[in-house]
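A.B. asks: Output the structure for:
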Amino acid sequence: MKTILAAALGACLALGAAPAAVAQDAAAQAYAQQKVAYHVNGNGGEGDRAYLGALRNAQNHINAVGEGNVDLVVVMHGNGLGLLANALENDALKTAIASLKGQGVRFQVCNNTLVGRNIDWENDLYDVWEEDIVPSGVAQLSHLQQQGFTYLKP
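C.D. replies: Numbering: from 1, shown residues only. Okay, here's the model as predicted:
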């Protein structure tokens, strides 16, 4: 691994490339294809810090592995739906979600939470589509793990 990084760094420095970009490209080449499920079910906290942190983790994951090298799903249930509810008024959340979706990240919403909390997904949540709704967030996480997805709780 060090040899790959050193060779890539040396070659790119000779061409005038930035060291951070070189390290990122070399790291992306070093990782195998990944399937990852991020679990969000807590409150966002003051200023939606926890939600923004989870979205930064997802972006950092993509940056490290490479956009074409990761299948990333964010599964939300319970208080985690606050991520999409708060995005209606929080531009930082909205921007991060839109950027991640543009990189192929899927955001899945628990129908049990929608029904139990009387949430109208079309009006109360940011950028949710019918195909984003899963019957149960926890059952979906288990299903994804059975499909080979790694479970992460940011």
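A.B. asks: just for this structure, where's the confidence low?
C.D. replies: 1-28 (pLDDT under 70).
A.B. asks: Look through it and tell me its longest helix.
C.D. replies: helix 49-65 (DSSP state H).
A.B. asks: how about that one: buried residues?
C.D. replies: For helix 49-65, the neighbour count (16 or more other CB atoms under 10 Å) marks 50-52, 54-55, 58-59, 61-62, 64-65 as buried. The C-beta positions use only the backbone N, C-alpha and C, and glycine is treated the same way.
A.B. asks: Who are the packing partners of that helix?
C.D. replies: In terms of contacts (3 or more CB pairs under 8 Å, 6 or more residues apart in numbering; DSSP states H and E), helix 49-65 is packed against helix 19-30, strand 34-40, strand 70-76, helix 82-86, helix 91-102.
A.B. asks: Leu88 reaches Tyr126, doesn't it?
C.D. replies: Yes. The pair Leu88 / Tyr126 is scored as a contact, 5.2 Å apart, by CB atoms under 8 Å.
A.B. asks: residues in contact with Leu141?
C.D. replies: Shown in contact with Leu141 (CB atoms under 8 Å, 6 or more residues apart in numbering): 37, 39, 75, 151.
A.B. asks: quick one, what contacts the last one?
C.D. replies: The contact partners of Tyr151, taken as CB under 8 Å, 6+ apart, are 37, 39, 141, 144-145.
A.B. asks: closest to Glu131 among those?
C.D. replies: Leu144 (15.5 Å; CB to CB).
A.B. asks: Report the contact partners of Leu81.
C.D. replies: Leu81 makes contact with 109-110, 113-114, 117, 119, 125, according to CB under 8 Å, 6+ apart.
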